[in-house]
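Asks: Requesting a structural model of the entry that follows:
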Amino acid sequence: MKVTVAICTHNRAKDTREAVESVLAQQVDESQYEVLVIDNRSTDGTADAIRGIQERPGVGPERVRCIREDKLGLSAARNRAIREARGEYILFLDDDAVARPGWMGAIVDVFERDPAIGCVGGRIDPVWEGGEPDWLPEAFKTLYTVLDFAPRVVEMEAPRIPFGANVAFRAALFREHEPFREDLGRVGSSLLSNEESELIGRIRRSSTVYYTPHAAVDHKIDRSRISRKWFLRRVYWQGISDAARGGRGAAYMLKQALKIGPSALLLLLSLPNPQKQMVQLRRIQYSNGYIAGRLGWFK
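Replies: Okay, the predicted model is just below:
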């Protein structure tokens with residue numbers, strides 16, 4: 001089998017069903033792929049929603065598989081997908097994303113250019129369910145998992161990485177590399193991250209990482225996230241995540257601490273401009289999060 005499309009989900013039955021439907025609509029030989037849904041301890045009828053798809057003529061439980069993973073956490077769910085996958089390539093699609101036509105084929109085309117390519121990511125376009133916020137600077141949209149890296153197929157060199165909403169790996173890599181670190185990544189309501197950047201950093205020791213704009217997905221951004229409060233919480237947890245991943249010494253923590261005062265002053269000067277204000281608030285929140293992460297002051 002060529003492809004396993006892995007969709008890891010926790011209590012997003014409706015979105016997961018739409019994600020699966022977008023994969024089944026791909027113009028690809030049915031014998032060449034499977035859809036693998038990892039139900040990460042959902043309580044909202046996710047398994048029933050997937051069963052409804054499986055029972056349709058021409059689908060069945062082999063083409064769309066649903067496996068329950070009781071260890072809560074995105075990394076644990078993704079690692080279960082890696083263990084269960086039967087495809088040569090594992091394509092991860094977020095449960096709140098919808099694959100565009102041609103998505104699967106575009107990713108496979110890049111992998112088959114060169115066996116040294118170990119990871120491929122694609123474009124991620126936002127669907128702002130509450131309307132795009134006017135206070136959000138363009139450069140900060142990546143924190144909402146938005147990615148438009150290049151207009152053509154190119155290698156993504158460090159430190160740039162694809163995002164987990166639309167990323168694929170050559171399955172054979174996991175015979176030589178450990179999978180996702182389970183002490184990183186979302187668990188419950190926490191916004192801990194960096195499981196993808198940590199894994200891709202290790203993969204780069206033996207393989208290359210590519211981006212294709214032709215494998216695009218639409219990523220739904222729930223209206224509950226389109227607020228300054230959520231955004232600053234996301235930034236704070238990015239600081240914690242960077243500290244948890246490690247690799248930086250005490251000097252970096254001191255550098256972050258020294259940024260807080262000047263940023264607070266610049267914040268006062270930028271109050272009439274919401275985007276400039278957000279630049280300074282982001283710096284303060286990231287520094288606070290990094291310090292909290294280094295000192296263990298978070299839950």
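Asks: Which helix or strand in the protein has the lowest average pLDDT?
Replies: Each helix and strand of the chain was given a mean pLDDT (mean pLDDT, DSSP states H and E); the minimum falls on helix 250-269 at a mean of 79.
Asks: Pull out the buried residues from it.
Replies: The neighbour-count check on helix 250-269 (16 or more other CB atoms under 10 Å) flags 253, 256, 259, 260, 263, 267 as buried. To be clear about C-beta, it is placed using only N, CA and C from the backbone, and glycine gets the same treatment.
Asks: shouldn't the last one be in contact with residue 285?
Replies: No - contact criterion CB atoms under 8 Å: residue 267 and residue 285 do not qualify, at 11.1 Å.
Asks: tally of neighbours for residue 277?
Replies: As a burial measure, residue 277 scores 18 neighbours (other CB atoms under 10 Å).
Asks: what helices or strands is the helix or strand containing it leaning on?
Replies: Here residue 277 sits within helix 274-295, counting by DSSP states H and E. When contacts are defined as 3 or more CB pairs under 8 Å, 6 or more residues apart in numbering; DSSP states H and E, helix 274-295 packs onto helix 228-245, helix 250-269.
Asks: Those into TSV, with extra columns for distance to residue 75?
Replies: Conversion of the helices and strands packed on helix 274-295 to TSV gives the following (distance: least, CB to CB, whole Å):
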stretch	distance to residue 75
helix 228-245	12
helix 250-269	24
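Asks: Out of those helices, which gets nearest to residue 112?
Replies: helix 228-245 (31.8 Å; CB to CB).
Asks: which secondary structure elements does that closest one contact?
Replies: With 3+ CB pairs under 8 Å, 6+ apart as the test, helix 228-245 has helix 274-295 packed against it.
Asks: Mean confidence (pLDDT) on the helix it packs on, please.
Replies: The average pLDDT for helix 274-295 rounds to 92.
Asks: next one: stretch 49-62
Replies: Here the average pLDDT along stretch 49-62 is 96.
Asks: For it, what is the distance to the chain centroid?
Replies: Computed by CA atoms, centre = their mean, to the nearest Å, the chain-centroid distance of stretch 49-62 equals 26 Å.
Asks: Restrict that stretch to CA atoms and write it as CSV.
Replies: Taking C-alpha atoms only, stretch 49-62 is exported to CSV below (Å, rounded to 0.1, in the frame of the first residue of the first chain):
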residue,chain,number,x,y,z
ALA,A,49,-19.6,8.9,13.0
ILE,A,50,-16.7,7.0,11.4
ARG,A,51,-18.8,3.8,11.5
GLY,A,52,-21.4,5.5,9.4
ILE,A,53,-18.8,6.2,6.7
GLN,A,54,-17.5,2.6,6.9
GLU,A,55,-21.0,1.2,6.3
ARG,A,56,-21.4,3.1,3.0
PRO,A,57,-21.1,1.0,-0.2
GLY,A,58,-17.6,0.9,-1.5
VAL,A,59,-15.9,2.0,1.8
GLY,A,60,-15.8,-0.6,4.5
PRO,A,61,-13.6,-0.9,7.7
GLU,A,62,-10.4,-1.8,5.7
